[in-house]
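> based on what follows, work out the 3D shape:
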Amino acid sequence: MTVQEKLGQIQQLTWTGDTGPGGGQTEQTEAAARAGLLGSVLNIHGARHSNSLQRIAVEESRLGIPLLFGLDVIHGFWTAFPIPLAQASSFDPEVARRDAEVSAKEARSEGVRWTFSPMIDVTHEPRWGRIAESCGEDPYLNAAFAVAKVQGYQGPADGSELSRMDRIAACAKHFVAYGGAEGGRDYNTVDVSEQRLRNLYLPPFKAAVDAGVATVMAAFNTVGGVPAHGNAHTMNSVLKEEWGFKGFVVSDYTGVEELIAHGFAEDGADAGRLALTAGLDMEMVSTNVADHGEALLSDGLITMERLDDAVTRILQLKFDLGLFDNPYTDESAAVAEPTAAARAASRESAARSMVLLRNEGSVLPLSPAARSIAVVGPFADSTGLHGTWAGPGASRFPSVSILGAVREAAPGTKVTHAGQNPAQAAAAAAAAEVTVVVVGEDPELSGEAAVRSDIGLPTGQEELIAAVAATGKPFVVVLVNGRPLVLGDWLDSAPAVLEAWHSGIEAGHAVADVLFGSVNPGGKLPVTFPRAVGQIPLYYNHESTGRPYNPAQPEEKFVSKYLDLADGPRFPFGYGLSYTTFAVSRPQLSQESIARDALERGETVEVSLTVTNTGERAGDEVVQLYVHDVAAGIAQPVRRLRGFERVTLEPGRSTTVSFRLGAQDLGFWTNDPAGTFTVERGRIDVYTGTSSTTRDCCPLTVV
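Now for the predicted structure:
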């Protein structure tokens with residue numbers, strides 16, 4: 001390969017037209033493909049379109065190296081599943097795996113071989129719009145869903161199934177600490193210590209790498225003052241050397257160019273040099289490495305060895321995907337629309353992801369035999385509840401509306417409708433036995449570049465709820481949103497509240513399934529709901545201060561608290577109700593102490609407990625395991641999730657749930673930049689229960 005051809009392989013350009021090759025907007029991409037100076041194309045899909053461009057690269061360029069087509073397939077291609085934050089609410093990684101499997105099959109049939117997913121940014125910032133794409137505030141939960149998503153896209157960790165027609169390459173993003181952006185503002189600064197980087201932000205990426213993720217995407221933010229696109233510590237030292245990552249690192253959209261705006265690079269040549277030498281392998285959209293690579297080589301500012309390494313990593317993935325053997329897509333086998341099975345999977349996943357926040361007086365489940373039901377609110381009849389980054393299917397296949405699904409679920413019931421006008425909604429509620437109030441956020445209010453300083457319900461929605469409440473009739477509030485919300489005073493007047501999130505193509509059916517009880521809600525919150533924006537950041541796995549707030553002494557002044565706000569969240573991490581009730585026993589340990597060297601040899605402690613369905617309905621409970629190192633060389637979080645299991649029980653039935661705690665669960669990373677993991681002697685409190693606020697505890701001593 002010539003130097004120019006090598007530089008071409010590390011270049012990704014975007015497809016800006018909605019037609020196949022020959023369109024005026026795509027001249028640069030076509031010319032680069034024809035000259036063999038292009039490695040990948042972003043945002044093209046459709047078997048016919050991708051084949052046309054692929055033929056230019058394969059049949060007209062000197063070496064005939066096929067192109068790699070990538071697309072943001074975040075929670076669905078044609079079939080939109082619930083947003084990732086909602087999927088995390090299921091506390092069931094199989095939900096993420098099922099999404100990835102359906103998405104991979106649909107996308108691959110349309111020429112896409114590479115998705116920029118999963119996004120596994122741990123975040124404590126609900127104002128950040130991209131929290132919708134993440135799995136929330138906990139690294140352990142994010143890691144479990146990262147593994148499931150990668151396996152669903154790619155198959156086994158060895159990459160042996162990547163060439164299959166139902167697999168695509170995954171991309172773990174954004175590397176790293178993007179979820180810590182100051183003020184929740186996209187693309188913003190992250191100032192993070194080494195221990196927090198390793199204990200909070202890196203674990204999901206390590207899990208994805210261990211699961212065989214093919215690619216990793218650099219983040220827009222700085223990490224300790226160094227932009228992630230030029231950060232040799234994170235990309236070279238940690239990812240490639242320490243973890244042994246064999247795939248390639250791609251930039252985010254114009255991320256290399258943005259090194260100049262960061263004040264890290266002087267110009268395009270400097271940006272290309274810094275990114276490539278720091279470990280970046282492919283540049284998305286901007287062209288700094290390709291434009292200046294030859295001059296940088298001749299001046300000795302980059303090495304041929306580094307360039308060859310980047311190209312080798314890219315070509316290896318193309319081989320693994322089978323592109324050299326079969327670069328084209330079978331146009332006759334394209335999946336042109338969501339199948340019945342895909343819709344059913346999305347519907348089941350959405351219902352499994354919903355969280356019952358409140359149910360006073362047993363308003364829920366609704367009776368399908370009710371004489372009349374009003375469905376009101378700005379999203380009652382919405383067919384756009386797919387969520388942010390819902391894929392190309394969102395514009396072609398509307399989501400099922402909640403209004404339509406309620407009518408379908410209760411065919412003998414008079415179902416009336418009113419929009420966001422409070423007077424009309426109140427009139428409809430007054431005339432009905434029960435009212436479903438559907439409020440929340442438009443999907444455009446969450447996602448990338450959708451940061452909100454006020455995360456309450458948008459204007460007019462609280463007034464609508466108040467008007468319905470004033471009728472004195474029973475009602476349920478259904479929240480459709482892409483982030484945790486600050487729930488105002490209206491919450492106290494709402495007998496029942498269901499967190500439904502943005503739930504994908506089958507949103508309405510899934511909501512109706514839960515409202516009418518054909519599905520008993522069992523989801524839990526993967527993120528804290530604050531009482532007020534002023535509390536943010538607020539998260540369960542915080543470190544204790546020297547003067548922690550004591551609920552038994554609320555009048556104490558000189559402690560960490562607000563003067564004008566009750567302590568703690570509105571709803572904590574791991575919280576969620578059911579239409580039945582459960583009892584969970586205290587944890588039992590297989591041994592009261594364990595030697596540190598035994599842990600280092602791989603020995604574990606078993607934690608077991610019994611969960612019983614004490615109600616009258618079959619239902620799901622999520623049993624959760626947390627640990628707290630009481631005294632350590634670095635102040636530890638008051639709780640750290642280290643296990644969870646969702647169980648289904650018939651009324652009166654019990655089951656035993658067991659977890660294993662090992663060195664990775666009981667130790668932590670120090671502030672050593674070289675990366676030092678340690679397990680210290682001392683007492684560790686082991687908590688089990690059904691939310692992060694559980695008090696059931698048993699001590700374990702490391703000796």
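
> switch to C-alpha atoms for all contacts and neighbour counts from now on
Will do.

> what's the pLDDT at the most centrally placed residue in the chain?
By Cα atoms, centre = their mean, the chain has its centre lying nearest to S134, at 2.3 Å. On pLDDT, S134 comes in at 98.

> was I right to think G70 contacts T115?
Yes - assessed by Cα atoms under 8 Å, G70 is found in contact with T115 at 5.6 Å.

> now do the same contact list for S401.
A380, D381, S382, T383, L385, A507, G508, H509 (Cα atoms under 8 Å, 6 or more residues apart in numbering).

> just curious, which of the residues you listed is nearest to F91?
Distance to F91 across the contacts of S401 (Cα to Cα) is lowest for A507, with 18.7 Å.

> any idea how far the closest one lies from K524?
18 Å (Cα to Cα, to the nearest Å).

> these two - which one has more neighbours?
A507 (33 against 28; other Cα atoms under 10 Å).

> just checking, the more buried one touches P398?
No - the pair A507 and P398 fails to qualify as a contact (Cα under 8 Å) at a distance of 10.0 Å.

> which residues does Q12 bridge with?
Under DSSP bridges, the beta-bridge partners of Q12 are S40, M284.

> count the neighbours of it for me.
Neighbour count of Q12, defined by other Cα under 10 Å: 27.

> which residues does it contact?
With Cα under 8 Å, 6+ apart, Q12 has these contacts: L38, G39, S40, V41, L42, M282, E283, M284, V285.

> E305 is in what secondary structure piece?
helix 304-320 (DSSP states H and E).

> by contact count, what packs against that helix?
Helix 304-320 sits against helix 3-9, strand 248-250, helix 268-278, with contacts defined as 3 or more Cα pairs under 8 Å, 6 or more residues apart in numbering; DSSP states H and E.

> which of the ones you listed is buried the deepest?
Scoring the helices and strands packed on helix 304-320 by mean neighbour count under mean count of other Cα atoms under 10 Å gives strand 248-250 as the most buried, with a mean of 27.

> quick check: mean pLDDT across that one?
Strand 248-250 carries an average pLDDT of 98.

> and stretch 225-238, by the same measure?
Mean predicted confidence for stretch 225-238 is 98.

> repeat for stretch 322-332
Per-residue scores along stretch 322-332 average to 97.

> what residues of it count as buried?
Residues of stretch 322-332 classed as buried under the neighbour-count rule (16 or more other Cα atoms under 10 Å) are G322, L323, F324, P327, Y328, T329, D330, E331.

> quick one: the first one from P569, how far?
G322 is 50 Å from P569, where distance means Cα to Cα.

> now the fifth one
As judged by Cα to Cα, Y328 and P569 stand 52 Å apart.

> and the helix or strand bottoming out on mean pLDDT in the chain, how far from the chain's centre?
Lowest by mean pLDDT, DSSP states H and E among the helices and strands of the chain is helix 27-34, with a mean of 94. Remark: helix 27-34 is offset 34 Å from the chain centroid, using Cα atoms, centre = their mean, to the nearest Å.

> H75 against F81, yeah?
Yes - with contacts counted by Cα under 8 Å, H75 reaches F81, the gap being 5.4 Å.

> please say which of these two ends up with more neighbours.
F81 (37 against 30).

> number of nearby residues for the residue nearest to that one when sequence neighbours are not counted?
Excluding the flanking residues, the one nearest F81 by Cα to Cα, 6 or more residues apart in numbering is G504, at 4.5 Å. For G504, the count of nearby residues is 32 (other Cα under 10 Å).

> could you do F558 as well?
Neighbour number of F558 under other Cα under 10 Å is 9.

> these two touch, right, it and G546?
No - taking contacts as Cα under 8 Å, F558 lies outside contact range of G546: 10.6 Å.

> just to revisit the earlier point, give me the common contacts of H75 and F81.
D99, A390.

> re the thing from before, tell me the helix or strand right after the helix holding E305.
Assignment by DSSP H and E places the next element after helix 304-320 at helix 340-352.

> immediately after that next one, which helix or strand?
strand 355-359.

> can I get that following strand as CSV, trimmed to CA atoms?
What follows is strand 355-359, C-alpha atoms only, in CSV (Å, rounded to 0.1, in the frame of the first residue of the first chain):
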residue,chain,number,x,y,z
VAL,A,355,-41.1,1.4,36.8
LEU,A,356,-44.1,1.9,39.1
LEU,A,357,-43.3,4.9,41.2
ARG,A,358,-46.5,5.2,43.1
ASN,A,359,-49.8,3.3,43.5
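
> can you name every helix or strand that the helix or strand following it contacts?
Moving toward the C-terminus from strand 355-359, the next helix or strand (DSSP H and E) is strand 372-376. Packed against strand 372-376 by the contact rule (3+ Cα pairs under 8 Å, 6+ apart) you find strand 414-418, helix 422-430, strand 434-440.

> helices and strands around the helix or strand hosting S103, which ones?
Take DSSP H and E as the rule and S103 turns out to sit in helix 93-109. Packing contacts for helix 93-109, counted by 3+ Cα pairs under 8 Å, 6+ apart, involve helix 84-89, helix 139-154, helix 340-352.

> elements contacting the next helix or strand after that helix?
Where DSSP H and E defines the elements, the next helix or strand beyond helix 93-109 is strand 114-115. Packing partners of strand 114-115 (3+ Cα pairs under 8 Å, 6+ apart): strand 68-71.

> how far does the strand it packs on sit from its chain's centre?
Using Cα atoms, centre = their mean, the offset of strand 68-71 from its chain centre is 21 Å.

> go on, stretch 689-696?
So, by Cα atoms, centre = their mean, the centroid of stretch 689-696 is 24 Å from its chain's centroid.

> so what touches that stretch?
By Cα under 8 Å, 6+ apart, stretch 689-696 touches 540, 572-576, 584, 586-587, 621-626, 639, 687-688.

> do the same with stretch 122-131
85, 134-139, 142, 177-180, 183-186, 200-201, 445-455, 482-485, 527, 536-539.

> picking up where we left off before, what angle do the helix holding E305 and helix 268-278 make?
Using axes from the mean of the first three to the mean of the last three Cα atoms, to 10 degrees, the interaxial angle of helix 304-320 with respect to helix 268-278 works out to 70 degrees.

> ok, back up a step: let's have the buried residues of stretch 322-332 in a markdown table, adding distance to F205.
Shown next, in a markdown table, are these (distance: Cα to Cα, whole Å):
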| residue | distance to F205 |
| --- | --- |
| G322 | 26 |
| L323 | 26 |
| F324 | 29 |
| P327 | 30 |
| Y328 | 31 |
| T329 | 31 |
| D330 | 34 |
| E331 | 35 |
